[in-house]
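K.L.:
pasting the sequence and the predicted model now:
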Amino acid sequence: MHIETSSEGSEEPPSFSIFKSFKEFRSAGRGFWSDIADSDWNNWHWQLKHRITSVEQLQRLMPTLTPEEYAGATLANHKLALAITPYFFNLIDPADENCPIRWQVIPRVEETHTAAWEMTDPCGEDSHSPVPGLVHRYPDRVLFLVTDRCAAYCRYCTRSRLVSNASGYDFHPHFDQQIEYIRKTPTVRDVLLSGGDPLLFSDEKLDHLLSRLREIPHVEFLRIGTRIPIFLPQRITPQLCAMLRKYHPLFVSIHSNHPRELTTEARDALGRLADAGIPLGNQSVLLRNVNDDVVVMKAHVQKLLMCRVKPYYVYQCDLISGSAHLRTSVKKGLEIMEQLRGHTTGYAVPQYVIDAPGGGGKVPVNPDYVLSRNHERAVIRNYGGKVFEYPEAADGTPLLAKPLEIEEPELV
Ligand code: SF4
């Protein structure tokens, strides 16, 4: 789908008004919690304590639960727990069965159906784990899992085998062993803290962990992967930001999937992180009924830039057990990327990747812009479909004369 701009004398197409509406920043509001004091509502501990965690609570707050959702919420605590912060719950449209927020956090019975090719550990993390809680797949960086807890649980989570501990994985990181492994492995220059969500730790606990990692001379770069600014923006306090800024270079990767998640509260929380000098990137997962649509995705990436967040990756949904109802096709992902690249600011265009099933790592997936290539030229097309030739020599030296004739192109 292509977003048209209105022209003189013509009305805006409906997709454009939807697009503009997605880009507006709105507060999540108070919803059912209108009588709660501001000091409680804005307190991240209060939000965590009052999460919706049972089917009974969910049905009381949302009598419009479908039979699929009711059954899913009843079974959730045997697979991946149900938890939604009051703040994030307010983003759900109870009147819309296809609400994109609803599909991300309300369990559905389809989660109990496992297709033959689905896996509990689709990225092969456990097989690349030299010590508990540490994944070392790429040469110069490690994934440091700190906790199995999140503020809310995403129904497509690639780590649902361990987060929330509903299926009995019994995750126990060993920080001493994890840090010792990094200390003894000088090729590791980049440490990504993830989980679970590291920003659920107290400031003191996180401060201590970051300071231990910063003491290792060959660790150049620290990253935190978190969905807290989206699920629980109240957690991004000035005190947390002041603590984090001691550990630069420190990057934060957030996880947002839909422009409606970018509320005024989320924007302000991200602004506090950015003001602390923390570069921000976003990782989205391409999800059916949530963001597998170019109008949604374009509004989302543009809105992320307005929140000072660079759209970093769009992931094809991993083959996690029970996720078929949320997965969309690679063809759809490529169509969306085709409508972003060149059609909007380059900074707004994320890299589309597939995490190779079984543990092959991230593989970039792009529309084909190189139509053919031989020793004399590359034939390329631009975002609008126009075809161009770029002359080159096999050894990389630019040709001085225009090639005479295109040989039978060698397909890339
Ligand atoms: S916040 Fe991240 S780790 Fe937690 S459930 Fe969602 S995707 Fe999984």
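P.N.:
Arrived safely.
K.L.:
from the ligand, how far off is residue 166?
P.N.:
Distance of residue 166 to the ligand, given as C-beta to the nearest ligand atom, to the nearest Å: 11 Å. All C-beta spots, glycine's among them, are computed from the backbone N, C-alpha and C.
K.L.:
most proximal residue of the stretch 201-350 of the chain with respect to the ligand?
P.N.:
Proximity of the stretch 201-350 of the chain to the ligand (C-beta to the nearest ligand atom) peaks at residue 227, 3.6 Å away.
K.L.:
can you list the residues of the stretch 51-200 of the chain near the ligand?
P.N.:
150, 153-154, 157, 159, 163, 195-197 (C-beta under 6 Å from any ligand atom).
K.L.:
of those, closest to residue 287?
P.N.:
Taking C-beta to C-beta as the measure, residue 287 sits nearest to residue 154 out of those, at 9.3 Å.
K.L.:
for the closest residue to the closest one other than its chain neighbours, what are its contacts?
P.N.:
Leaving out its chain neighbours, the residue that sits closest to residue 154 by C-beta to C-beta, 6 or more residues apart in numbering is residue 104, at 5.8 Å. Shown in contact with residue 104 (C-beta atoms under 8 Å, 6 or more residues apart in numbering): 154-156, 257-258, 287, 290.
K.L.:
surely residue 104 is in a strand?
P.N.:
No: counting by DSSP: H, G, I helix; E, B strand; the rest coil, residue 104 is located in no strand; its state is helix.
K.L.:
so where is this structure shaky, pLDDT-wise?
P.N.:
Residues of the chain meeting the criterion pLDDT under 70: 1-11, 394-412.
K.L.:
how about the strands of it, start to end?
P.N.:
134-135, 141-145, 190-194, 221-226, 250-254, 280-286, 310-316, 351-356, 361-364, 370-373, 377-381, 387-391 (DSSP state E).
K.L.:
can I get those strands in JSON lines with mean neighbour count?
P.N.:
Below are the strands of the chain laid out as JSON lines (neighbours: other C-beta atoms under 10 Å):
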{"stretch": "strand 134-135", "mean neighbour count": "24"}
{"stretch": "strand 141-145", "mean neighbour count": "24"}
{"stretch": "strand 190-194", "mean neighbour count": "20"}
{"stretch": "strand 221-226", "mean neighbour count": "22"}
{"stretch": "strand 250-254", "mean neighbour count": "22"}
{"stretch": "strand 280-286", "mean neighbour count": "22"}
{"stretch": "strand 310-316", "mean neighbour count": "20"}
{"stretch": "strand 351-356", "mean neighbour count": "18"}
{"stretch": "strand 361-364", "mean neighbour count": "12"}
{"stretch": "strand 370-373", "mean neighbour count": "16"}
{"stretch": "strand 377-381", "mean neighbour count": "17"}
{"stretch": "strand 387-391", "mean neighbour count": "12"}
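K.L.:
let's have the ones you listed in TSV, adding distance to residue 271.
P.N.:
Formatted as TSV, those follow (distance: least, C-beta to C-beta, whole Å):
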stretch	distance to residue 271
strand 134-135	31
strand 141-145	27
strand 190-194	22
strand 221-226	16
strand 250-254	13
strand 280-286	10
strand 310-316	15
strand 351-356	25
strand 361-364	29
strand 370-373	39
strand 377-381	39
strand 387-391	41
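K.L.:
re the thing from before, so the residue of the stretch 201-350 of the chain closest to the ligand touches residue 252, yeah?
P.N.:
No: Residue 227 is not in contact with residue 252 according to C-beta atoms under 8 Å; the separation is 11.0 Å.
K.L.:
list the contacts of residue 324.
P.N.:
Counting by C-beta under 8 Å, 6+ apart, residue 324 has contacts 110, 113, 115, 118.
K.L.:
out of these, which end up buried?
P.N.:
residue 118 (16 or more other C-beta atoms under 10 Å).
K.L.:
of the contacts of residue 324, closest to residue 24?
P.N.:
Of the contacts of residue 324, the one sitting nearest to residue 24 (C-beta to C-beta) turns out to be residue 110, at 32.0 Å.
K.L.:
can you pull the residues of the stretch 251-400 of the chain lying near the ligand?
P.N.:
Residues of the stretch 251-400 of the chain lying near the ligand (C-beta under 6 Å from any ligand atom): residue 255.
K.L.:
would you map the helices across the stretch 251-400 of the chain?
P.N.:
Taking DSSP state H, counting those that start in this stretch, the helices of the stretch 251-400 of the chain run over residues 264-275, 294-306, 330-340.
K.L.:
quick one: those as TSV, columns for mean neighbour count too.
P.N.:
TSV is the format used below for the helices of the stretch 251-400 of the chain (neighbours: other C-beta under 10 Å):
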stretch	mean neighbour count
helix 264-275	19
helix 294-306	22
helix 330-340	17
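K.L.:
let's have those helices in TSV, adding distance to residue 376.
P.N.:
Converted to TSV, those look like this (distance: least, C-beta to C-beta, whole Å):
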stretch	distance to residue 376
helix 264-275	47
helix 294-306	36
helix 330-340	28
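K.L.:
state the distance from the residue of the stretch 201-350 of the chain closest to the ligand to residue 52.
P.N.:
Distance, residue 227 to residue 52, using C-beta to C-beta, to the nearest Å: 16 Å.
K.L.:
who are the contact partners of residue 23?
P.N.:
So residue 23 contacts 259, 299, 302-303, 306 (C-beta under 8 Å, 6+ apart).
K.L.:
and if we set it to 10 Å?
P.N.:
259, 262, 298-300, 302-303, 306 (C-beta atoms under 10 Å, 6 or more residues apart in numbering).
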